[in-house]
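Enquirer: Below is the sequence, then the predicted model.
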Amino acid sequence: MGQCALGFGVCCVFIATCDAEVINNVTYFVSPDFPGLTRNPDICAIQVKKIAPEISQIRLDFIHFNLAQPNRRTGVCETDVFSMSGGTSTGLKLCGQNSGQHLYYDVETANNPITILVNLTSNNLYRMWEIRIAQVAFNQQSPAGCTQYYEGVSGVIQTMNFAINGRHLADQDYTVCMRQEQSMCSIVYEPCDENSFRIGPPILSDDPGSGSGPLRDPVELENAVKQCNDRVLMPCDSEEFLNPAGGPNACDLLHCGNSFCNPGEYPCRIESSIRPFNIRIQFGPGLRQENPDDNLGMCLRYIQQPCIS
């Protein structure tokens with residue numbers, strides 16, 4: 001793809017599709033008909049081999065990722081499933097729309113190949129993927145336990161398959177980490193918009209007889225959150241609601257329902273100085289039939305705050 005090294009060399013792009021063996025540092029895994037759409041049922045798999053003993057992780061960047069949506073009621077990937085095996089990480093099973101997402105996958109010290117599998121079980125007119133596969137050496141790897149790792153003072157975090165008319169996936173348990181940048185001592189999270197945190201139905205229903213909204217008992221609210229099948233765990237030491245009342249409040253470790261902060265409060269923000277900066281996503285098995293409108297998932301903006309001397 002063009003020239004490099006002042007015209008003395010050629011820039012090469014490695015592309016692989018079904019049944020290929022990947023033995024390069026950076027390879028693009030594409031759907032069989034890319035850039036066209038793949039319509040027919042098929043099993044498309046590749047094997048990734050380590051290029052050096054010091055490789056400890058595989059990083060996947062989903063440039064394009066459009067598979068069939070999960071079951072709208074349960075969040076289970078039933079038609080199309082993306083999966084990985086052969087490493088030491090617990091691989092995520094994905095489907096739906098995940099363009100722009102990324103993940104790290106830990107590999108074994110031995111030279112065992114990693115299998116990336118896309119199982120297409122029925123006809124679908126809208127499949128396409130282009131996934132950048134990079135091999136990461138031990139001295140450049142993401143921190144232990146981080147499935148996603150973001151760099152920079154600010155950014156956006158989304159759960160898998162966060163999209164219009166989407167539904168968050170079932171059987172997800174992974175940690176999203178943000179690198180602590182220089183001279184930064186805390187981090188602030190806030191929803192991307194008023195509808196960008198929907199992980200299950202409202203925790204506690206409103207009292208129709210109250211003109212100013214219900215008074216919620218903190219213990220009752222905490223117990224309700226603990227019973228959430230799907231939730232977000234966030235270590236935090238302060239919580240500030242940006243509403244006319246203002247003022248700091250106690251920070252909940254677990255978050256679920258239809259509000260990131262206090263039910264019914266928007267806008268809001270949560271600030272944490274607990275390091276490392278991370279969020280854990282825990283979405284249980286899709287055993288219950290739930291309203292997909294209550295299970296869109298999560299989109300958060302974050303910005304790190306400078307240290308106060």
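Expert: Cool, the structure landed. This is a predicted model, so every value here is computed, not measured. Numbers count the residues shown, from 1 in each chain.
Enquirer: just checking, Gln305 touches Glu271?
Expert: Yes: with contact defined as Cβ atoms under 8 Å, Gln305 counts as touching Glu271 (7.1 Å). Placement of C-beta: from N, CA and C, glycine included.
Enquirer: what about those two, which has more around it?
Expert: Glu271 (18 against 14; other Cβ atoms under 10 Å).
Enquirer: What strand or helix carries the more buried one?
Expert: Element membership for Glu271, per DSSP states H and E: strand 268-272.
Enquirer: Which strands and helices lie in contact with that strand?
Expert: The elements that strand 268-272 packs onto, with contact taken as 3 or more Cβ pairs under 8 Å, 6 or more residues apart in numbering; DSSP states H and E, are strand 184-191, strand 238-241.
Enquirer: so what sits against both of Gln305 and Glu271?
Expert: Residues touching both Gln305 and Glu271 (Cβ atoms under 8 Å, 6 or more residues apart in numbering) are Ser186, Ile187, Val188.
Enquirer: and which of those residues is nearest to Leu169?
Expert: Leu169 lies nearest to Ile187 out of the shared contacts of Gln305 and Glu271, by Cβ to Cβ, at 25.2 Å.
Enquirer: what sits against Glu65?
Expert: Quick fix: residue 65 reads Phe, not Glu. By Cβ under 8 Å, 6+ apart, the neighbours of Phe65 are Phe82, Leu94, Gln97, Asn98, Ser99, Gln101, Trp129, Glu130, Ile131.
Enquirer: please redo it, this time with the cut-off set to 6 Å
Expert: Asn98, Ser99, Trp129 (Cβ atoms under 6 Å, 6 or more residues apart in numbering).
Enquirer: For the last one, name its beta-bridge partners.
Expert: With beta bridges defined as DSSP bridges, Trp129 has these partners: Phe65.
Enquirer: could you flag which of the contacts of Phe65 are buried?
Expert: Asn98, Trp129 (16 or more other Cβ atoms under 10 Å).
Enquirer: hang on, the earlier thing: mean pLDDT lowest for which of the helices and strands packed on strand 268-272?
Expert: Least confidently modelled of the helices and strands packed on strand 268-272 is strand 238-241, at a mean of 48 by mean pLDDT.
Enquirer: Give me the mean pLDDT for the strand holding Glu271.
Expert: 86.
Enquirer: Parallel or antiparallel, list what pairs with it.
Expert: Here, using DSSP bridges, strand 268-272 pairs with strand 184-191 (antiparallel), strand 238-241 (antiparallel).
Enquirer: for Leu6, phi and psi?
Expert: phi 60, psi 30 (degrees, to the nearest 10).
Enquirer: Tell me the first helix or strand C-terminal of whichever strand or helix holds Ile133.
Expert: Ile133 belongs to strand 128-137 when assigned by DSSP H and E. For strand 128-137, the following helix or strand on the C-terminal side (DSSP H and E) is strand 148-150.
Enquirer: roughly how far is that next one from the heart of the chain?
Expert: 9 Å (Cα atoms, centre = their mean, to the nearest Å).
Enquirer: So which elements touch that strand?
Expert: strand 172-178 (3 or more Cβ pairs under 6 Å, 6 or more residues apart in numbering; DSSP states H and E).
Enquirer: Where do the helices of this structure begin and end?
Expert: 218-226 (DSSP state H).
Enquirer: okay, and the helix or strand of it with the least pLDDT?
Expert: strand 248-249 (a mean of 42; mean pLDDT, DSSP states H and E).
Enquirer: Serialize the contacts of Phe65 to JSON lines and add fields for distance to Phe283 and pLDDT.
Expert: Below are these laid out as JSON lines (distance: Cβ to Cβ, whole Å; pLDDT from 0 to 100):
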{"residue": "Asn98", "distance to Phe283": "14", "pLDDT": "97"}
{"residue": "Ser99", "distance to Phe283": "20", "pLDDT": "97"}
{"residue": "Trp129", "distance to Phe283": "22", "pLDDT": "97"}
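Enquirer: Who wins on neighbours among the shared contacts of Gln305 and Glu271?
Expert: The shared contacts of Gln305 and Glu271, ranked by neighbours (other Cβ under 10 Å): first place Ile187, 25 neighbours.
Enquirer: Can you pull out the low-pLDDT segments for the stretch 101-250 of the chain?
Expert: Scanning the stretch 101-250 of the chain with the threshold set as pLDDT under 70 gives 204-226, 236-250.
Enquirer: how about a cut-off of 50?
Expert: Counting by pLDDT under 50, the stretch 101-250 of the chain contains low-confidence residues at 206-215, 239-250.
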